[in-house]
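A.B. asks: could you look at this predicted model? Sequence included:
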Amino acid sequence: MWEKDKSEFENQVVLVVGGGGGIGSAIAEAFAERKAKVIICSRNVKRLEEIAKKIREKTNNPMVEAMEVDVTSEDSIKQLAERIASKYGKVDVLVNAHGALITALSRRPFLETTIEDWEYMMNINARGVWLTCREFAKIMVKNNKGKIINISSQAGSKVLRGALDNAGFCYAVSKATVDQITRAFAIQLVDYNINVNAIAPGWVETEELLKRGPEAIEMRKRLIPKGRLCKPEEVAELTVFLASSAADYITGQVIYIDGGVSAIYGSIQRQQT
């Protein structure tokens, strides 16, 4: 194991925004296993409560709770920050795992992208990340300590020719913005002992992706040098690493976990064996 101290996260306060999704819940569980105080939040509190209960039972960690937040609302994010600061006095780790998926928009040709498409995706994926980073960084600055990890995407740096419709375009731009938000906060907060990094997964084996059916999954696998989808737990372990003291010298980076897709020049399909 890379971990120097398995108890490092004990009593640390870890906030996972978007903790109800496949990646977010896996991240929350990974920190709960390490005995952190974990807060998961999103708009759907009923679903969050169910997820928090499952994580508590699975990890035998009673310190997992759900809180409501709307990442498109500045007031909602400020209220969440005030609530957590009042209750815990600190936030050691912030993970922005929320995000609107490409499937959230009705698909149209690239040149028919609307202002509504753009604003929907940017408000959730980019504006939401900026606002949560801003508000929780204020708490971290007071404590002169913190780790921020933003979940971005390989789409933030790659354009797949022939597959870029309105939704794909807006999604890609929103994730590229997340990457730049990450770099900007990393440099601005470096003097406060706060590290800010992003993780850019490729195709992850979540419920949402699996809903697209076997053919869509096999097509994606053929584009991945590793020949398989990324597991949510793999993203979670990388997140824990970046939040640990083992990664104290890493900041301002976008780290790809995509099975080699980002290393490919052009669109090369994996050979069938």
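C.D. replies: Perfect, I can see it now.

A.B. asks: pairing partners for the longest strand along the chain, with directions?
C.D. replies: Counting residues, the longest strand in the chain under DSSP state E turns out to be strand 194-201. Strands adjacent to strand 194-201 in the sheet, as given by DSSP bridges, are strand 146-151 (parallel), strand 254-257 (parallel).

A.B. asks: deepest of the ones you listed, which one?
C.D. replies: By mean neighbour count, with neighbours taken as mean count of other CB atoms under 10 Å, strand 146-151 ranks first of these at a mean of 26. Glycine gets a C-beta too; all of them are placed from N, C-alpha and C.

A.B. asks: contacting residues around it?
C.D. replies: 18, 23-24, 91-97, 99, 129, 133, 136-137, 139-140, 178, 181-182, 185, 189, 192-199, 201, 235, 239, 242-243, 247 (CB atoms under 8 Å, 6 or more residues apart in numbering).

A.B. asks: check which helix or strand the closest residue to residue 247 other than its chain neighbours maps to.
C.D. replies: Beyond its immediate neighbours in the sequence, the residue positioned closest to residue 247 (CB to CB, 6 or more residues apart in numbering) is residue 241, lying 5.7 Å away. Taking DSSP states H and E as the definition, residue 241 sits inside helix 232-243.

A.B. asks: what's the offset of that helix from the middle of its chain?
C.D. replies: For helix 232-243, the distance between its averaged C-alpha position and the chain's averaged C-alpha position is 10 Å (CA atoms, centre = their mean, to the nearest Å).

A.B. asks: got the contact list for it?
C.D. replies: 2, 9, 14, 22-23, 25-27, 29-31, 34, 92-93, 95, 147, 149, 151, 195, 197, 199, 201, 204-206, 247, 250, 255, 257.

A.B. asks: related to what we said a few turns ago, please report how far the residue nearest to residue 247 lies from residue 184.
C.D. replies: 23 Å (CB to CB, to the nearest Å).

A.B. asks: again, but for residue 139
C.D. replies: Residue 139 sits 18 Å away from residue 184 when distances are taken as CB to CB.

A.B. asks: list the buried residues in the helix or strand of the chain with the lowest mean pLDDT.
C.D. replies: Across the helices and strands of the chain, the lowest-confidence element by mean pLDDT, DSSP states H and E is helix 207-210, at a mean of 72. Neighbour counts using 16 or more other CB atoms under 10 Å place residue 209 of helix 207-210 among the buried residues.

A.B. asks: and for stretch 205-218?
C.D. replies: Burial within stretch 205-218, assessed by neighbour count using 16+ other CB under 10 Å, is assigned to 206, 209, 217.

A.B. asks: what about residue 241 and residue 184, which has more around it?
C.D. replies: Each of residue 241 and residue 184 has its neighbours counted (other CB atoms under 10 Å); residue 241 has more, 17 against 14.
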